[in-house]
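In: Could you look at this predicted model? Sequence included:
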Amino acid sequence: MGDVVTDPAVEASGWGSERVDVDAYLRRIGYGGELAVTDEVLRRLHRAHAGTIPFENLDIVLGRPIDLDIARLQDKMVRRARGGYCYEHNLLFSAVLERLGFTVTRYVGRIRMGSDRVRPRSHMTLRVDVDGRGWLADVGFGGEGLLEPITFDDDEPAAQDSWVYRLHPLGGGVRVLQSRHGDTWFDLYSFAPEPQHLVDYESYNWYTSTHPRSPFTRGMVVQRTGGTVRHTLTRSVLTTVHAGGATDRRRLDDDEVLDTLGHTFGIVLDAGEIDGLRAALAASGRPGVR
């Protein structure tokens, strides 16, 4: 790619964007296209990331802290071919975008997943502005995540291969990302246009990775979305959603879980991680039953 010229404002931002190895990241996601600051490049980078780096919480299962330092994120998700959850994905992606010259604002949202019950603010999402137009970019949602950014301009349906989304205004600047389920719209998460700081995400991250009622402290959660199929592993249950809505669910034994992490989700594990996950699966008694 050649040298990236870093804006002094990026160096002073506190996000660590100046320390991103852009070339290594692009190799990781298999992207070899142009890098101009355009809507199309943003779309292609987003799709490449979302299709390559899986959503996963395995470090929490292994009893490890989630470190949001950009060097640690690169080591884990780029060099070691692991995945991560929302803060890890979107901090890395936003840092790369800033190095390339995109304007990024970081937000926090409330998970809804079909409910209007008020939940903690725990999900990181991004606004990326290109030539005066705002885009919601999010490569780190472990539910029904976007393949590509979606515009802030209106709430018209946006088809992304087999999946359809819209960004719907709720009033007071709050918007909700929705996916279409048949003839109805399903709420994924809501957020307000309130820029966040790294220290905010460190607080959210501590809660999400340690609180006993967090879904990520209760067992394995792994997800990967493609154009026509979405795979989700929750503890030992593998759910596969196909285009058109057909859904398959299968309970896996411990060996199948470990095999699926590699073959279905592309997660590379070292010997210590494999042993640790085996121990966690055994300690759960019968993973997948809670």
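Out: Ah, there it is. Numbers count the residues shown, from 1 in each chain.

In: what pLDDT does the nearest residue to Val20 once chain neighbours are set aside get?
Out: Nearest residue to Val20, sequence neighbours excluded (Cβ to Cβ, 6 or more residues apart in numbering): Ala95, at 4.7 Å. Yep, even glycine has a C-beta here, placed from its N, CA and C like the rest. We note a pLDDT of 98 for Ala95 in this prediction.

In: what's the answer for Val10, then?
Out: 48.

In: Assign the residue nearest to Val20 to helix, strand or coil.
Out: Using DSSP: H, G, I helix; E, B strand; the rest coil, the secondary structure recorded for Ala95 is helix.

In: Ser17 versus that one, what's the distance?
Out: The gap separating Ala95 from Ser17 is 4 Å, by Cβ to Cβ, to the nearest Å.

In: Could you tell me which residues touch both of the two?
Out: Contact with both Ala95 and Ser17 is made by residues Ile70, according to Cβ atoms under 8 Å, 6 or more residues apart in numbering.

In: Give me the nearest residue to Ala243, chain neighbours excluded.
Out: The shortest distance from Ala243 to any non-neighbouring residue, by Cβ to Cβ, 6+ apart, is to Ser162 (3.5 Å).

In: ok, how many other residues are close to that neighbour?
Out: Counted with other Cβ atoms under 10 Å, residues neighbouring Ser162 total 17.

In: And the helices in the protein?
Out: Along the chain, the segments classed as helices by DSSP state H run 8-11, 22-29, 39-52, 58-61, 70-74, 86-100, 198-210, 254-263, 271-283.

In: so what does the second one touch, helix or strand wise?
Out: Think helix 22-29. If you count contacts as 3 or more Cβ pairs under 8 Å, 6 or more residues apart in numbering; DSSP states H and E, helix 22-29 packs onto helix 39-52, helix 86-100.

In: ok, 6 Å please
Out: In terms of contacts (3 or more Cβ pairs under 6 Å, 6 or more residues apart in numbering; DSSP states H and E), helix 22-29 is packed against helix 39-52.

In: What are the phi and psi values at the residue nearest to Ala243?
Out: Main-chain dihedrals, Ser162, degrees, to the nearest 10: phi -90, psi 0.

In: I'd guessed it sits against Gly244; true?
Out: No. Contact criterion Cβ atoms under 6 Å: Ser162 and Gly244 do not qualify, at 7.5 Å.

In: that older thread, quick check: the gap between the residue nearest to Ala243 and Gly51.
Out: 13 Å.

In: Equivalent analysis for Arg251, please.
Out: Separation of Arg251 from Gly51 (Cβ to Cβ): 27 Å.

In: can you check Met77 too?
Out: Taking Cβ to Cβ, one finds Met77 at 14 Å from Gly51.

In: Point out where the stretch 1-150 of the chain drops to low pLDDT.
Out: 1-13 (pLDDT under 70).

In: mind running it again at 90?
Out: Residue ranges of the stretch 1-150 of the chain with pLDDT under 90: 1-14, 113-120, 142-143.
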